[in-house]
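A.B. asks: After the sequence you'll find the predicted model.
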Amino acid sequence: MSHRTTDRLPLQAVLFDMDGTLVDTERLWWEAVEQVADGLGHALTGADQPEVLGRPVEHTASWLAGVTASPAEAIAAELHREFADRVRTGIVPRPGATELLDALAREGVPTALVTASPRAVADTVLAALGAERFAVSVTADDTERTKPAPDPYLAACRALGVEPAACVAVEDTQTGVTSAESAGCAVLAVPSLAPIGPAAGRTVLGSLEEVSPALLRAMVAPDELRVLSWNLWCGGTKVDDHREKQLKVIAETGADVVGLQETYGDAARELAEALGWHHHRAGDNLGVISRHPITAQLGDPDVGFYGGTGVRVELAGGRRVDVWSAHLDYTPYGPYEARFDGLPAADLVAHESGRLARMREILRMIADSAEAATPVVLVGDFNAPSHLDWPDVAWPVTKAAEEAGLRDSYREIHPDPVRDPGHTWSPVHADHEDGSGRPEPQDRIDFVLHRGLTALESRTVVSGTPRSWPDVAGNDWPSDHAAVLTVFGVPRGE
């Protein structure tokens, strides 16, 4: 089984928004839009902020054109003139801005200016702040899409030769925050006119005066949470001394939280008691065990054999992570239908309707119980392949999870399914169980999905060299699935 460890990344760069973040131009921009809108017979109100703050000139001009029935091109030209006039005479650095830039320069941390303003305005501000302070500047003229799309921040990272996950973006609007977070950056939000709420991976402060290079560095040096997904296979009972072997696996992986399937009753409790951990049992098939305290049980505790269950785990410093374990029905099994029966992609997708309905139910429970600032991990045996692995089949179960904002940690670390297939089914089935001698289709059907965390490492786990079914009783590995271990970086919180 292949795996790769992602080295801990130091703070590689700090990427600054301009308007309202480094200089007090958000007020100037609002005044410029207010003047132009007033001349067109529209009085700006707080309800108009989403169309004005953090938006490029063209967006606001198009919006104003829609509400005033005036030509957008003429509005844009007038907005440019009004804003440029104010910028030339009214630039004021935000409190703490120049001090923070100087401190980063002393420590050799590169900085970039990333703005939705046009190049002409950005160059005026750069001249006032000192263009030499910034290694790179990206404006609305430099990418096909600007904020809230991730393109400006991705362009700045490419130009600097840095990883987005090792950078902090400093923003003052929700539009800019969305852009930076979509690019994969840690975000420091310092709101100017409109409030910005807390969220996983985001730090919200009142002023740049509260910010130091050390704080920014801590934002990209998160603590770790090691999460294991494991189908125990009839509770492990097919293998001799299964409980001791299960405990050995958990110890050797260093797992902090384990999402379990096929617990066969009391496996979660027995493992947790032997480890001195906390546990949650749901029905006779699902459970979660954790070395960290479980502060809430999520979902239906009386779930049937298939379904999902979750817990809220409290980490050091009061930080929380929701961890869900899911098990979906094993019939019909798509890889058999594809390899043995030759079904086309449309039929394979259609036959996933039962699993898809179950996944949507689990995703609904996750959404209903989620807290805005709490990361979510969903692990489990989905009994279905991933759409990320099969180029010709859009497997709907994993697509539904992706559309709900959950990312596949294994594929984040190993993006090439040919080089790193990550098969979890099955280390003990080389041939199909029916005795036909047909090779068993190997596939990746166990997953660790997440949102609000950073995947640092992910790998499949199998102990020893398991003998094939039915000669499995003496195996070191007490399951018919490989487990999946992902090491996450956990945001340090606000």
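C.D. replies: Received, thanks.
A.B. asks: how about the strands in the stretch 151-300 of the chain?
C.D. replies: Using DSSP state E, counting those that start in this stretch, the strands assigned to the stretch 151-300 of the chain run over residues 167-171, 186-189, 202-204, 223-231, 257-261, 278-282, 286-290, 294-298.
A.B. asks: Among those strands, which one carries the weakest average confidence?
C.D. replies: Of all the strands of the stretch 151-300 of the chain, strand 202-204 carries the lowest average pLDDT, namely a mean of 84.
A.B. asks: Just checking: what are the partner strands of that one?
C.D. replies: strand 186-189 (parallel) (DSSP bridges).
A.B. asks: What lies in contact with the strand it pairs with?
C.D. replies: 165, 167-172, 177, 180-181, 196, 201-205, 211, 216, 219-220, 491 (C-beta atoms under 8 Å, 6 or more residues apart in numbering). Any C-beta I mention is one placed from the backbone N, CA and C, and that applies to glycine too.
A.B. asks: how about the strands of the stretch 301-450 of the chain, start to end?
C.D. replies: 307-314, 320-327, 376-381, 407-408, 446-451.
A.B. asks: elements contacting the second one?
C.D. replies: If I follow you right, that is strand 320-327. strand 223-231, strand 257-261, strand 286-290, strand 294-298, strand 307-314, helix 353-369, strand 376-381 (3 or more C-beta pairs under 8 Å, 6 or more residues apart in numbering; DSSP states H and E).
A.B. asks: One more: the first one?
C.D. replies: Contacting strand 307-314 under the criterion 3+ C-beta pairs under 8 Å, 6+ apart are the following elements: strand 278-282, strand 286-290, strand 294-298, strand 320-327, helix 353-369.
A.B. asks: Now do the contacts for Val220.
C.D. replies: Residues in contact with Val220, defined by C-beta under 8 Å, 6+ apart, are Leu9, Pro10, Leu11, Gln12, Ala165, Ala166, Cys167, Val168, Ala186.
A.B. asks: Next: Glu412.
C.D. replies: Contacts of Glu412 (C-beta under 8 Å, 6+ apart): Ala455, Ser458.
A.B. asks: out of the helices and strands packed on strand 320-327, deepest packed?
C.D. replies: Ranked by mean neighbour count, the helices and strands packed on strand 320-327 are led by strand 257-261 with a mean of 30 (mean count of other C-beta atoms under 10 Å).
A.B. asks: quick one, it and strand 223-231 angle?
C.D. replies: 10 degrees (axes from the mean of the first three to the mean of the last three C-alpha atoms, to 10 degrees).
A.B. asks: In the stretch 251-400 of the chain, where is pLDDT below threshold?
C.D. replies: Applying pLDDT under 70 to the stretch 251-400 of the chain flags residues 317.
A.B. asks: please redo it, this time with the cut-off set to 80
C.D. replies: Within the stretch 251-400 of the chain, the stretches with pLDDT under 80 are 316-318.
A.B. asks: Most neighbours among the contacts of Val220, which one is it?
C.D. replies: Among those, Cys167 has the most neighbours (other C-beta atoms under 10 Å), with 29 neighbours.
A.B. asks: And that one, how far from Leu160?
C.D. replies: Per C-beta to C-beta, to the nearest Å, Cys167 is found 8 Å from Leu160.
A.B. asks: Common neighbours of the two, please.
C.D. replies: Counting by C-beta under 8 Å, 6+ apart, the residues touching both Cys167 and Leu160 are Gln12, Ala13.
A.B. asks: and the residue nearest to Asp141 when sequence neighbours are not counted, how many residues sit next to it?
C.D. replies: Nearest residue to Asp141, sequence neighbours excluded (C-beta to C-beta, 6 or more residues apart in numbering): Arg119, at 4.5 Å. Residues lying near Arg119 (other C-beta under 10 Å) number 15.
A.B. asks: From Ala140, how far off is Arg119?
C.D. replies: Distance of Arg119 to Ala140, given as C-beta to C-beta: 8 Å.
A.B. asks: Could you export the contacts of Val220 to TSV, including columns for distance to Trp29?
C.D. replies: Listed next are the contacts of Val220 as TSV, based on distance: C-beta to C-beta, whole Å:
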residue	distance to Trp29
Leu9	34
Pro10	35
Leu11	30
Gln12	30
Ala165	30
Ala166	31
Cys167	25
Val168	24
Ala186	26
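A.B. asks: now, which of those residues sits nearest Val397?
C.D. replies: Val397 lies nearest to Ala165 out of the contacts of Val220, by C-beta to C-beta, at 27.1 Å.
A.B. asks: In contact with the nearest residue to that closest one once chain neighbours are set aside, which residues?
C.D. replies: Spatial nearest neighbour of Ala165, chain neighbours left out: Gly184 (5.4 Å); criterion: C-beta to C-beta, 6+ apart. Contacts here follow C-beta under 8 Å, 6+ apart; on that basis Gly184 touches Pro150, Pro164, Ala165.
A.B. asks: Same check on Asn231?
C.D. replies: Shown in contact with Asn231 (C-beta under 8 Å, 6+ apart): Leu260, Gln261, Glu262, His327, Asp381, Asp446, Ser479, Asp480, His481, Ala483.
A.B. asks: ok so Asp102 is a helix residue?
C.D. replies: Yes: read with DSSP: H, G, I helix; E, B strand; the rest coil, Asp102 is one of the residues of a helix.
A.B. asks: since we're on it, how many residues are nearby?
C.D. replies: Residues within reach of Asp102, counting by other C-beta under 10 Å, total 12.
A.B. asks: Please report how far it lies from Pro93.
C.D. replies: Separation of Asp102 from Pro93 (C-beta to C-beta) stands at 11 Å.
A.B. asks: residues in contact with Met18?
C.D. replies: Applying C-beta under 8 Å, 6+ apart, we find Met18 in contact with Thr25, Leu113, Val114, Thr115, Ser117, Ala122, Val125.
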